[in-house]
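*Asks:* next input, structure requested:
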Amino acid sequence: MKSILTAAGAVLAFALFPQSALAAGDIGGATMGVAWALPFAGMLLSIALGPILFPHFWEHNYGKFAAFWAVLVLLPLMLLRGFEPALGALLHTALLEYVPFIILLFALFTIAGGILVMGNLHGTPATNTTLLAIGTVMASFVGTTGASIIMIRPLLRANDNRRHNVHVVVFFIFLVSNIGGSLTPLGDPPLFLGFLRGVNFFWTTTHLLPETSFAVAILLALFFALDSYLFRKEEGLPVLKDPTPDRAIKLYGKVNILLLGGVILAILMSANWKPGVTFTIRGVHLELQNLVRDAILLGLALLSLKLTPKPVRAGNEFSWGPILEVAKLFAGIFTCIIPVLAMLQAGKDGAFSSLVAMVTNADGTANNVAYFWLTGILSSFLDNAPTYLVFFELAGGDAKALMTTGALTLTAISAGAVFMGANTYIGNAPNFMVYAIAKDRKVAMPSFFGYMAWSGGILIPIFLLQTLIFFR
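*Replies:* You can find the predicted model right below:
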């Protein structure tokens, strides 16, 4: 409530000090005060705390929260910066970033939800480690949400007759729901936002491969050792009744694997085919290849709905609720981040000059350690996609420069956003979904802070090693 009143007060304060009109799309970031960022902060805090503090109320009203914070941005923009600048900035964000972003997530969510793994394996350490490795690789191609949807239930069934299985889900969140999605723009939303900003499709594959391989190798080795210890600990004890006896694994909805290949081809097409045809809507330039890509993605999602038998989706407990929530919340996020990005673009002349100083060395070069940890810490508690955008812009916002002379900086930002989303249940969207599914299957999942004890004891030392090896 305090943050809401503060934001409302900021609106009134802005209204008392009108600004001169600006060109369409230019909202004058250099002349904005920090108060313009309050709705963005309120939006992210609502997402972080709402599901924990008042879950039932949040579930039925998250769209209203998003609309409230968005209005606290749009109204002052129109009143103080002028209708045309506000509309231009909103259209630029909506048409070039939000819509393509949601279309990709919708396509991956729909197609991955049509792939069902049935049957049951015996949850030995070797089997569990293999399943985690498969899910980790899969995450970069079907997204962390898609891979989590496909792999979590087979892994839970494999271990539902074990006394010790909490660690299986915790490591699943570490690997499949987060770190595994770091190698392509399909893997995690922050990386696709980078792709939309001009980062090449395979740039993340080549530049994050060492850091990802390092983390994955250590985590799989740690998991195998811990799982082996706990597996042996159960030897000699009475055997628990297996609610899902072992039976052959069967894969349903195989056509969706081909459709996922189509998603990858559509994105690669948009990155490499440059016909030079552009459509302009109120100053926003839409390139033909991107429009074609989005149309293909929507077509593939519709094909998935048509070709996948309903029992297959029912087996995945598929519903539209998660993607509707993402669409509404990110509409609010993308709107609230407009003035924040404008202030960041102003660099040392803007309201965030102190943040610029934190990520800049005395000689003017980028402090990559600071980029890695600041992006990561914020991604642990706030949504990692807008956090990525903030630090991408803070690093200059020029994809070509960041992919070359600033490659280590972009790597640090990307790794921080993707890897450290695993630090809490709220760092990345699949985390809480996996938690909820596991808890529903009677796994004694740790509390919010209990999970942080796991991530603090296992992930933070790995991130410290990565800092020393890769980012210094």
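*Asks:* shouldn't Lys250 be within a helix?
*Replies:* No - under DSSP: H, G, I helix; E, B strand; the rest coil, Lys250 falls outside any helix and is assigned strand.
*Asks:* give the helix, strand or coil label for the closest residue in space to it that isn't next to it in sequence.
*Replies:* Computed as Cβ to Cβ, 6 or more residues apart in numbering, the closest residue to Lys250 that is not its neighbour in sequence is Met118, at 4.9 Å. Heads up, the C-betas are built off the backbone N, CA and C, glycines and all. Taking three-state DSSP as the rule, one finds Met118 in the strand state.
*Asks:* report pLDDT for the most centrally placed residue in the chain.
*Replies:* Nearest to the mean C-alpha position of the chain, by Cα atoms, centre = their mean, lies Pro189 at 4.0 Å. On pLDDT, Pro189 comes in at 86.
*Asks:* who are the contact partners of it?
*Replies:* Contacts here follow Cβ atoms under 8 Å, 6 or more residues apart in numbering; on that basis Pro189 touches Phe101, Leu105, Asn384, Ala385, Ala429.
*Asks:* at 7 Å instead, please
*Replies:* Phe101, Leu105, Ala385 (Cβ atoms under 7 Å, 6 or more residues apart in numbering).
*Asks:* and stretch 30-38, end to end?
*Replies:* Stretch 30-38 has its terminal residues 17 Å apart, counting by Cα to Cα, to the nearest Å.
*Asks:* so which of the contacts of Pro189 are in helices?
*Replies:* Counting by DSSP state H, the contacts of Pro189 place Phe101, Leu105, Ala385 in helices.
*Asks:* highest neighbour count among these?
*Replies:* Counting neighbours by other Cβ atoms under 10 Å, Ala385 leads the ones in helices among the contacts of Pro189 with 26 neighbours.
*Asks:* residues in contact with that one?
*Replies:* Pro189, Pro190, Leu193.
*Asks:* got any ranges where this protein has weak pLDDT?
*Replies:* Across the chain, the ranges flagged by pLDDT under 70 are 1-25, 237-246.
*Asks:* let's verify Asp160: helix, strand, or coil?
*Replies:* coil.
*Asks:* apologies, that question was intended for Ala422.
*Replies:* With three-state DSSP as the criterion, Ala422 reads helix.
*Asks:* kindly report the same for Gly198.
*Replies:* coil.
*Asks:* all the strands of the chain, in order from the start?
*Replies:* 116-120, 247-252, 278-281, 284-287 (DSSP state E).
*Asks:* closest to Phe419 out of these?
*Replies:* strand 116-120 (26.2 Å; Cβ to Cβ).
*Asks:* and that closest one, what does it pack onto?
*Replies:* Where contact means 3 or more Cβ pairs under 7 Å, 6 or more residues apart in numbering; DSSP states H and E, strand 116-120 is packed against helix 125-158, strand 247-252, helix 310-315.
*Asks:* many thanks, I have nothing further to ask.
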